[in-house]
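Engineer: Whatever this is, show me its structure:
(2 chains)
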Amino acid sequence: MSFIEKISHLQLDILKEIGNIGAGNAATSLSAILDRKIDMKVPNVRIVSFDEMMEMAGGAEHVVASVFLRIEGDASGSMFFILSLPLAQYLIRQMAGDATFSIDSTPHAELALSCLQELGNILSGSYLSSLADFTRLNLYPSVPSLSIDMVGATISYGLLELSQQSDTAIVIDTVLVKDQLVADSIDGHFFLLPDPEFFDIIFAALGVAPDD
Amino acid sequence: MTDLLKGKVVKVGIADMNMIKPPHSIRTSGLGSCVGVVIYDEKKGIAGLAHVMLPDSSLAKSGQINVAKFADTAVKELVHLLVKEGARMPFLKAKLAGGAQMFQFASGGDLMRIGPRNVDAVRKELSELHIQIISEDVGGNSGRTIQFNLDDCLLNIRTVNKGTKNI
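Structural biologist: Below is the predicted model:
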């Protein structure tokens, strides 16, 4: 039986807390960069099929900006910072100081993409370092990579490792930025997609017995 | 709107497969490193589409496998299902799309370069079954949504930045 089928409520709560701490720190970083208050929703830990995973990010064909990185070290997994296009445009305008930047006109300026990548770097870095502090594990991020494309095309990378073992994923989803930033329908997601071995390592590090 | 006139669109999810007969069409969305392979018998009017994620079922680490997930098992199973539904083995043709490299990583293991490996694996499996590849749109760094219909046996490919085309 795979781990996903026998996960307990306590373990789910712990994963939720991981999302809470990680994204909380990331939200603080973002808030400092933009000098604005950033909202964060209570994290959602869900056990989903691959298709449901796509739906969580708006559907396989929905176009988003995603910063993807691999977590390496004591435990491994994938992390995505997914931004709706209006939010990506807003953040690039803020960071690059270019109020005329438009996400719809391609190809995008190198600087704009670089800004977004760096933002993803900072935010996922603060997510990960708080997670590493919390668990006292060595976790470090790979250099992040950016893609502005369909959800299905990008998120499937985070499922590759997992898909060798299972047809479901445990995803820790935190909605980071809410409406007050610019307008409605703007959001950013943090998705943490642990590799299958991640769970035993994390729970052992936190002293939670497998059958708790 | 033309979709309404052409019957319904059968959707295939990730690591999934399905089949159609006219007037329906078959579609899968958001192919990145995954490969969408369409196998069809034009005269008999039957086509199948598989959305494969990984090149080889030997990568599977658990006993029970989803055959639609791996190139080798997906192509075999799809052909098996098509033949069971009346398709004739010697007349089967294929079109494929996908296998892109969505993210550029300086380092990273084999899994980060999975797109080209998926394409190779699908080609190899098709060639072993003597199924001719009529056309393909693979590689690059764009996500693709593909749709196939049996009226003209064209595979419509939509990308975010590079428009649409039929192959």
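
Engineer: Quick check: chain neighbours aside, which residue is closest to the residue in chain A that chain B sits nearest to?
Structural biologist: Closest residue of chain A to chain B, C-beta to the nearest C-beta: residue A:152 (1.7 Å). Heads up, the C-betas are built off the backbone N, CA and C, glycines and all. Leaving out its chain neighbours, the residue that sits closest to residue A:152 by C-beta to C-beta, 6 or more residues apart in numbering or on different chains is residue B:30, at 1.7 Å.

Engineer: The residue of chain A closest to chain B is in contact with residue A:54, isn't it?
Structural biologist: Yes. Look at residue A:152 against residue A:54 with C-beta atoms under 8 Å: they come within range, at 5.3 Å.

Engineer: Need the overlap of contacts for the two.
Structural biologist: A:60, B:14, B:30 (C-beta atoms under 8 Å, 6 or more residues apart in numbering or on different chains).

Engineer: Mind checking which of those residues land in helices?
Structural biologist: Counting by DSSP state H, no part of those is found in helices.

Engineer: want to try TSV for the residues you listed, with pLDDT as columns?
Structural biologist: Formatted as TSV, those follow (pLDDT from 0 to 100):
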residue	pLDDT
A:60	88
B:14	92
B:30	92
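
Engineer: From those, pick the one nearest residue B:117.
Structural biologist: Using C-beta to C-beta, residue B:14 comes nearest to residue B:117 of the shared contacts of residue A:152 and residue A:54, at 16.8 Å.

Engineer: what residues are up against the nearest residue to that closest one once chain neighbours are set aside?
Structural biologist: The shortest distance from residue B:14 to any non-neighbouring residue, by C-beta to C-beta, 6+ apart, is to residue A:50 (4.6 Å). Going by C-beta under 8 Å, 6+ apart, residue A:50 touches A:156, A:159, A:163, A:167, A:168, A:169, B:13, B:14, B:15.

Engineer: tell me the pLDDT at the first one?
Structural biologist: Pointing back at residue A:156 there. Note for residue A:156: predicted pLDDT of 89.

Engineer: what kind of secondary structure is residue A:42 in?
Structural biologist: At residue A:42, secondary structure determined by DSSP: H, G, I helix; E, B strand; the rest coil is coil.

Engineer: Is it correct that it is in contact with residue A:24?
Structural biologist: No. Applying C-beta under 8 Å, one finds residue A:42 not in contact with residue A:24, separated by 10.6 Å.

Engineer: Of the two, which one has the most company?
Structural biologist: Neighbour count, other C-beta atoms under 10 Å in any protein chain shown: between residue A:42 and residue A:24, residue A:24 has more, with 17 against 10.

Engineer: Find the nearest non-adjacent residue to that one, please.
Structural biologist: Residue A:24 sits nearest to residue A:40 (C-beta to C-beta, 6+ apart), 6.4 Å away.

Engineer: Point out where chain A drops to low pLDDT.
Structural biologist: The model of chain A has pLDDT under 70 over residues A:1-5, A:106, A:176-186, A:209-212.

Engineer: Kindly report the residues of it close to chain B.
Structural biologist: Contact residues (C-beta under 8 Å from any C-beta of the partner chain) of chain A with chain B: A:2, A:49-51, A:54, A:59-61, A:63, A:68, A:70, A:106-107, A:142-143, A:145-154, A:156-157, A:159-161, A:163-167.

Engineer: rerun that using 6 Å as the cut-off
Structural biologist: With C-beta under 6 Å from any C-beta of the partner chain as the criterion, chain A meets chain B at residues A:50-51, A:60-61, A:63, A:68, A:106, A:145, A:147, A:149-154, A:156, A:160, A:163-165, A:167.

Engineer: Show me which of the residues you listed are buried.
Structural biologist: Buried residues within the residues of chain A next to chain B, counting neighbours by 16 or more other C-beta atoms under 10 Å in any protein chain shown: A:50-51, A:60-61, A:63, A:68, A:145, A:147, A:149-154, A:156, A:160, A:163-165, A:167.

Engineer: which residues of chain A fall in helices?
Structural biologist: A:9-34, A:50-56, A:85-96, A:110-135, A:151-163, A:198-205.
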